[in-house]
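Asks: build me a model from this:
(chains A, B, C and D)
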4 protein chains.
Amino acid sequence: MSLRKKLHIIIFEADTKAGKFFDVSLLVAICLSILSVMLESVNYIEEEYGYYLRRLEWGFTILFTIEYVLRLLIINKPLKYAFSFMGMVDFLAILPTYISLFFAGTQSLLIIRTVRLLRVFRIFKLAHFVGEGKMIIDALRASRAKLTVFLGSILTLVVILGTVMYLVEGGENGFTSIPRSIYWAIVTLTTVGYGDIAPQTVLGQTIASVIMVLGYSIIAVPTGIVTSALTRKELTQVNTHSCPHCSEEGHDEDADFCKYCGGEL
Amino acid sequence: MSLRKKLHIIIFEADTKAGKFFDVSLLVAICLSILSVMLESVNYIEEEYGYYLRRLEWGFTILFTIEYVLRLLIINKPLKYAFSFMGMVDFLAILPTYISLFFAGTQSLLIIRTVRLLRVFRIFKLAHFVGEGKMIIDALRASRAKLTVFLGSILTLVVILGTVMYLVEGGENGFTSIPRSIYWAIVTLTTVGYGDIAPQTVLGQTIASVIMVLGYSIIAVPTGIVTSALTRKELTQVNTHSCPHCSEEGHDEDADFCKYCGGEL
Amino acid sequence: MSLRKKLHIIIFEADTKAGKFFDVSLLVAICLSILSVMLESVNYIEEEYGYYLRRLEWGFTILFTIEYVLRLLIINKPLKYAFSFMGMVDFLAILPTYISLFFAGTQSLLIIRTVRLLRVFRIFKLAHFVGEGKMIIDALRASRAKLTVFLGSILTLVVILGTVMYLVEGGENGFTSIPRSIYWAIVTLTTVGYGDIAPQTVLGQTIASVIMVLGYSIIAVPTGIVTSALTRKELTQVNTHSCPHCSEEGHDEDADFCKYCGGEL
Amino acid sequence: MSLRKKLHIIIFEADTKAGKFFDVSLLVAICLSILSVMLESVNYIEEEYGYYLRRLEWGFTILFTIEYVLRLLIINKPLKYAFSFMGMVDFLAILPTYISLFFAGTQSLLIIRTVRLLRVFRIFKLAHFVGEGKMIIDALRASRAKLTVFLGSILTLVVILGTVMYLVEGGENGFTSIPRSIYWAIVTLTTVGYGDIAPQTVLGQTIASVIMVLGYSIIAVPTGIVTSALTRKELTQVNTHSCPHCSEEGHDEDADFCKYCGGEL
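Replies: The predicted structure is shown next:
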């Protein structure tokens, strides 16, 4: 086996020991690099350890650059990878540190740096979870239309209720504009309830109560949609293998013999 | 094909390209008109751009008036449309701007203006979503009685718990009256939790804890109701085959004979 | 038909027109009487309309007394009714006003008065909702053991997490005692989140985040329990009537003919 | 029957009257001991009744020591018990009081004391609930992979959204660092909503609204996962019939032949 093929298996597959080791260590490196970005944002840590954190950042950037170049060299269709979503993220994750060499100004730099956080999604490359993740996404995709209708109704409701509350409570109670009132309606309907804006009048509190009970009840709708989609997905995921003797279907995944005629599967 | 028929297809149907284009642009116009009303409510935007926003409003009003008149001219039963819910909303959406010509006083006008927001519901006219929306509404309708019982129990619970808290905490801790205490109980049971009113005594906090755990647990009930209704709807949804003898629908997948007239399917 | 039998049908049944009318007007009277108690608790309303509200209260008390006496006279087993839950509530609902004649002191009286609010539950006597309410209660009863295990785990979790937070945050951040910390843990786990007590230290906020994600996720458990119980209840509620011709089962509730052989049911 | 065997039945089984009595009284003792620890943490109770509470604590410690020694003497494999999770908890629950004899310093002691609270889990030894608890745990275990994917996505989302909000709102609005912003994102996504940190800018409130609606909707995912797992568990739970040939269990209701060895059932 050529070195290129060996590296391909290590970097892109997760079936071998070496491949698994590579994936997990990459994951650890990504998490550590995110952690260092997070720590740098804390004032008193930045002041004391800022120098080391920036060093660490360069270390991670070089590490990820090597990884990115290796991927480009080893894969069969480098262009397809480079323009895939994961490839773009891989590239954007190493870019900001290099740009910082030519352009100063940490503020604008930070904005691009956050893209690196998307790399955590690489965790799902771990073979074990792909199937499960796919099932969830499939269930969500199957109920996409229903969820859109639901979200549309929620948005309409929130706009109307927010406007009504703007008229009822008015600016002196914190409902200073329709957008702000809609923000409050969302905070209330989703049962988040910050409490930074709260109705003061009796009528306002009555309407607020209705919104709360509504929000409390209609959470049942998306739940019902996703649950029934997932249940259907799970129930239809059964083995569609038919018995070679009696051609009956519906055997369990772990069945060795037909449950209807006793013949070997 | 006459012009009237052509326009009918464009305005009322969404199957053709022109019809789809009309529906989507109408939708965009509605959203923009709502947005302009919303922006007008923000103080500093109103001060600076109020003049242009009112111009824009007149533009949208004239546009929607043309649309409304066209609908009345083209449809076969104009009266039925005019007195349907959607027809009334269409009419009320253009009324307030014209009224503002004769009567000053923006405050009272604004109240009627909010009705225009209901037009967003027109989004569901888009053919694609009608079926999905109908299914959700059907599931909710099928579980209407159960949901009423549930909401009735919640309301009773909230009234009793609110009264108990009024007696336990009293006015000095913010529970100044039974209605206010009931408002607090709703805020707590629905897990919104503003924090504008919060129990201070040990007994009050104990009762509040019970209410929270209750609210946290009984959310399971409406969810269970809607989910099982939706699951049932989805499982029985398939067969839309109508009986050739009595043309009734809703037969099971394995039915060989009509369950209403006994004729062969 | 004797007067007693007629009255029995009106008061205890809801099938006839008169019976339905009686039930609904009683319901309205109960709601109004609760409303008057609620309004009496609002300071400025009590000051202005207190006199009329107390009059109204006497009116309702006399009305409910007549109703209670009628029930005792008309029912076949008056003692059984008097000691049933509904009978006791009916009695306790009229008691406090009479007691107020002999003993002054509104404070202590108010406590008993709240029992009257339980009468709203009479709403469920309305024949239509009994079946639906029974189904919900059956589903909850069937999953009683599971829900107890769930609530027990929640309580243990909350006690442990509350104690940990008491040690981590300490009195200066509002976590002044273990019971108060447990109260906070309940507020957080149930996603109510008043904000009257909130963690200030980094470790405390980290633990709080874990509690929130836990609370957000394990809501799925009671929902799952109730939903699967309800689904099972609904699925097994199908008609168990078998066809007299081919003896097949599983017909829909509204089926007039067998769907397998076409014979009349 | 020897005394040892008798005691074994009483202490380790819950089938006999004496065994049930032992279990319930032990449970009461545990709860009381936890209650006394909790009360000791309340300042004004500690000041007044601290002396008695410490006495009580010693009483419970001696009681639990006797119980622990008895368990060690009676069980057949004392080492296996001593190193089991329950055995370790039993030991750690009595340790801190004895350590307090040699080392002063209540602060450090309290930390170990909280472990005692874990003993409440003994409640699930009660035979009645074991099956139900096992079913919930089985359902959670079956959906472990799905829940991990879900929690991983949530964590990633929260890190990204927290970083974005840190950039949008900045330190002056309370979003002083990325970790703190992530804490806020968790508080918002889980719909807890303390309100100690709340977005002030228009863009921040818009993003916050998106997070809320997201949090409100994706709660449906874990609920769907657990519900469909529980439903499947309940539906396949019935048949505990084991094959007479290979004694494997878990056959479907309609199985005529063993799916593992092909023998007739």
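
Asks: residue boundaries of the helices in the stretch 1-150 of chain A?
Replies: Along the stretch 1-150 of chain A, counting by DSSP state H, counting those that start in this stretch, helices occupy A:3-12, A:17-41, A:43-74, A:78-82, A:85-102, A:106-113, A:127-142, A:144-169.

Asks: quick one: the helices in the stretch 151-265 of chain A?
Replies: A:178-189, A:202-218, A:220-235.

Asks: how about those in a markdown table, adding mean neighbour count and distance to D:F102?
Replies: In short, each C-beta sits where N, CA and C put it, glycine included. A markdown table is the format used below for those (neighbours: other C-beta atoms under 10 Å in any protein chain shown; distance: least, C-beta to C-beta, whole Å):
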| stretch | mean neighbour count | distance to D:F102 |
| --- | --- | --- |
| helix A:178-189 | 26 | 54 |
| helix A:202-218 | 20 | 54 |
| helix A:220-235 | 26 | 55 |
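
Asks: to chain C, which of those lies closest?
Replies: Of all the helices of the stretch 151-265 of chain A, it is helix A:220-235 that lies closest to chain C, at 6.8 Å by C-beta to the nearest C-beta.

Asks: what angle sits between the closest one and helix D:220-235?
Replies: Angle, helix A:220-235 to helix D:220-235, by axes from the mean of the first three to the mean of the last three C-alpha atoms, to 10 degrees: 50 degrees.

Asks: is helix A:220-235 in proximity to chain D?
Replies: Yes - Helix A:220-235 lies within reach of chain D by C-beta under 8 Å from any C-beta of the partner chain, at A:222-223, A:225-227, A:229-231, A:234-235.

Asks: keep those, but drop any that are not near chain B.
Replies: Residues of those in contact with chain B (C-beta under 8 Å from any C-beta): A:223, A:225, A:227, A:231.

Asks: surely the third one and D:T227 touch.
Replies: Yes - assessed by C-beta atoms under 8 Å, A:T227 is found in contact with D:T227 at 4.8 Å.

Asks: where are the low-confidence patches of the stretch 51-200 of chain A?
Replies: Applying pLDDT under 70 to the stretch 51-200 of chain A flags residues A:85, A:103-131.

Asks: ok, now which ones touch the residue of it found nearest chain C?
Replies: In the stretch 51-200 of chain A, the residue that lies nearest chain C is A:G195 (5.8 Å; C-beta to the nearest C-beta). Neighbouring residues of A:G195 by C-beta atoms under 8 Å, 6 or more residues apart in numbering or on different chains: B:193-196, C:194-195, D:193, D:195.

Asks: phi and psi next, for it.
Replies: phi 90, psi 0 (degrees, to the nearest 10).

Asks: just A:S177 next, same as before
Replies: phi -150, psi 170.

Asks: what about it, how many residues nearby?
Replies: 21 (other C-beta atoms under 10 Å in any protein chain shown).

Asks: in this structure it contacts A:Y166, no?
Replies: Yes - look at A:S177 against A:Y166 with C-beta under 8 Å: they come within range, at 7.0 Å.

Asks: tell me, what's touching those two both at once?
Replies: With C-beta under 8 Å, 6+ apart, A:S177 and A:Y166 have common neighbours B:S41.

Asks: intersection of neighbour lists for A:T227 and D:T227?
Replies: Contacts common to A:T227 and D:T227, judged by C-beta under 8 Å, 6+ apart, are B:227, C:227.

Asks: and A:R71, how close does it get to B:E169?
Replies: Distance, A:R71 to B:E169, by C-beta to C-beta, to the nearest Å: 63 Å.

Asks: who has more neighbours out of these two?
Replies: Applying other C-beta under 10 Å to A:R71 and B:E169 shows that B:E169 carries more neighbours, namely 24 against 19.

Asks: show me what contacts that one?
Replies: When contacts are counted by C-beta under 8 Å, 6+ apart, B:E169 touches B:175, B:181, B:199-201, B:204.

Asks: at 10 Å what do you get?
Replies: B:175-176, B:181, B:184, B:197-201, B:203-205, B:207-208 (C-beta atoms under 10 Å, 6 or more residues apart in numbering or on different chains).

Asks: winner for burial among the helices of the stretch 1-150 of chain A?
Replies: With neighbours taken as mean count of other C-beta atoms under 10 Å in any protein chain shown, the helices of the stretch 1-150 of chain A reach their highest mean count in helix A:144-169, at a mean of 21.

Asks: check the offset of that helix from the chain's centre.
Replies: Centroid separation for helix A:144-169 versus its chain: 25 Å, with C-alpha atoms, centre = their mean, to the nearest Å.

Asks: that one relative to helix D:220-235, how many degrees between them?
Replies: Going by the same axes, to 10 degrees, helix A:144-169 makes 130 degrees with helix D:220-235.

Asks: what angle separates helix A:144-169 from helix A:178-189?
Replies: Going by the same axes, to 10 degrees, helix A:144-169 makes 120 degrees with helix A:178-189.

Asks: for the closest residue in space to A:S209 that isn't next to it in sequence, give me its contacts.
Replies: Once flanking residues are discounted, A:S209 sits nearest to B:I186: 4.6 Å by C-beta to C-beta, 6 or more residues apart in numbering or on different chains. Going by C-beta under 10 Å, 6+ apart, B:I186 touches A:205-206, A:208-213, A:216, B:154-155, B:158-159, B:161-162, B:192, B:211, B:215.

Asks: swap in 6 Å and give it another go.
Replies: By C-beta atoms under 6 Å, 6 or more residues apart in numbering or on different chains, B:I186 lies in contact with A:209, A:212, B:158.

Asks: which one of those is nearest chain D?
Replies: A:M212 (11.9 Å).

Asks: wait, isn't the closest one in contact with B:V192?
Replies: Yes - in this structure A:M212 lies within contact range of B:V192 using C-beta atoms under 6 Å: 5.1 Å.

Asks: list the residues that contact both of those two?
Replies: By C-beta under 6 Å, 6+ apart, no residue touches both A:M212 and B:V192.

Asks: measure A:L32 to chain C for me?
Replies: As judged by C-beta to the nearest C-beta, to the nearest Å, A:L32 and chain C stand 18 Å apart.

Asks: got it, and A:S33?
Replies: Separation of A:S33 from chain C (C-beta to the nearest C-beta): 20 Å.

Asks: quick one: residues contacting that residue.
Replies: Neighbours of A:S33 in contact, by C-beta under 6 Å, 6+ apart: A:F60.

Asks: can you rerun that using 8 Å?
Replies: Contacts here follow C-beta under 8 Å, 6+ apart; on that basis A:S33 touches A:56-57, A:60, A:64, A:116.

Asks: I'd like the residues you listed written out as CSV, with distance to chain C added.
Replies: Below are the contacts of A:S33 laid out as CSV (distance: C-beta to the nearest C-beta, whole Å):
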residue, distance to chain C
A:L56, 20
A:E57, 22
A:F60, 23
A:F64, 27
A:R116, 22
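
Asks: which one of these is nearest A:L7?
Replies: Of all the contacts of A:S33, A:L7 sits closest to A:F64, with 16.3 Å by C-beta to C-beta.

Asks: how much space between the closest residue in space to the closest one that isn't next to it in sequence and A:M88?
Replies: Here the nearest residue to A:F64 in space, its sequence neighbours aside, is A:I94; by C-beta to C-beta, 6+ apart that works out to 4.9 Å. The gap separating A:I94 from A:M88 is 12 Å, by C-beta to C-beta.

Asks: what residues does chain A have near chain C?
Replies: So far as C-beta under 8 Å from any C-beta goes, chain A lies against chain C at A:191-195, A:223, A:227.

Asks: and the residues you listed as TSV, adding distance to D:Y51?
Replies: Converted to TSV, those look like this (distance: C-beta to C-beta, whole Å):
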residue	distance to D:Y51
A:T191	46
A:V192	46
A:G193	44
A:Y194	45
A:G195	42
A:T223	53
A:T227	55
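
Asks: that's all I had, so thanks and see you.
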